[in-house]
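Engineer: structure for the following, please:
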Amino acid sequence: MNDTANLQESQPEALASPGRRLAGAVLEIALFCLTLAIGWIVWYLIVARRGQSPAKRLLGMRVVREDGAAADLGWMLVRDLVVRVVALGALDAALVGILGEAAGGALSGLVLVAAALWCVWDARHRCLWDRVVGTRVIRVARRA
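Structural biologist: Numbering: from 1, shown residues only. Here you go, the predicted structure:
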């Protein structure tokens, strides 16, 4: 390897900013709706192998594990499907069951917003699901 390649490998990865992460969340919802979910799912399955979602791909972000290794499809599915959808969905169902539709739904919504906004006050810009699974989101250089 040449010196430039060694220098690039030794530099720490830049964390994705909270603003970029939150923009990615909004873009993710828009892409999901615009592609009628099917297009988003296919796109996700293609890019998740590289630790990305469709919005992360477009915004130049990637999910990596705490040890620095790339998050592969399995890690992405655990992070996005198991923690974000199943666990938060189960919490929603439990809160609605206990508190009723209005109060349970409102509290569940607040929990989801707090989990997503966690990256704003976390020193390493991790959302709650990143902390649970042991991942972080980094910025990646766009390909020429």
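Engineer: secondary structure element for E28?
Structural biologist: helix 18-34 (DSSP states H and E).
Engineer: tell me which residues in the helix or strand just after that helix are buried?
Structural biologist: Using DSSP H and E, the helix or strand that directly follows helix 18-34 along the chain is helix 38-47. Buried positions in helix 38-47, judged by neighbour count with 16 or more other CB atoms under 10 Å: 40, 43-44, 47. Any C-beta I mention is one placed from the backbone N, CA and C, and that applies to glycine too.
Engineer: before we move on, back to that, please write out the alpha-carbon positions of the helix holding E28 in CSV.
Structural biologist: Only the C-alpha atoms of helix 18-34 are listed here, as CSV (Å, rounded to 0.1, in the frame of the first residue of the first chain):
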residue,chain,number,x,y,z
PRO,A,18,-27.4,14.8,14.2
GLY,A,19,-28.8,17.1,11.5
ARG,A,20,-27.8,14.7,8.8
ARG,A,21,-29.2,11.8,10.7
LEU,A,22,-32.5,13.5,11.3
ALA,A,23,-32.7,14.6,7.6
GLY,A,24,-32.1,10.9,6.8
ALA,A,25,-35.1,9.9,8.9
VAL,A,26,-37.3,12.3,7.1
LEU,A,27,-36.0,11.3,3.7
GLU,A,28,-36.5,7.6,4.6
ILE,A,29,-40.2,8.2,5.3
ALA,A,30,-40.6,10.1,2.0
LEU,A,31,-38.8,7.4,0.0
PHE,A,32,-40.9,4.7,1.7
CYS,A,33,-44.1,6.5,0.7
LEU,A,34,-42.9,7.5,-2.8
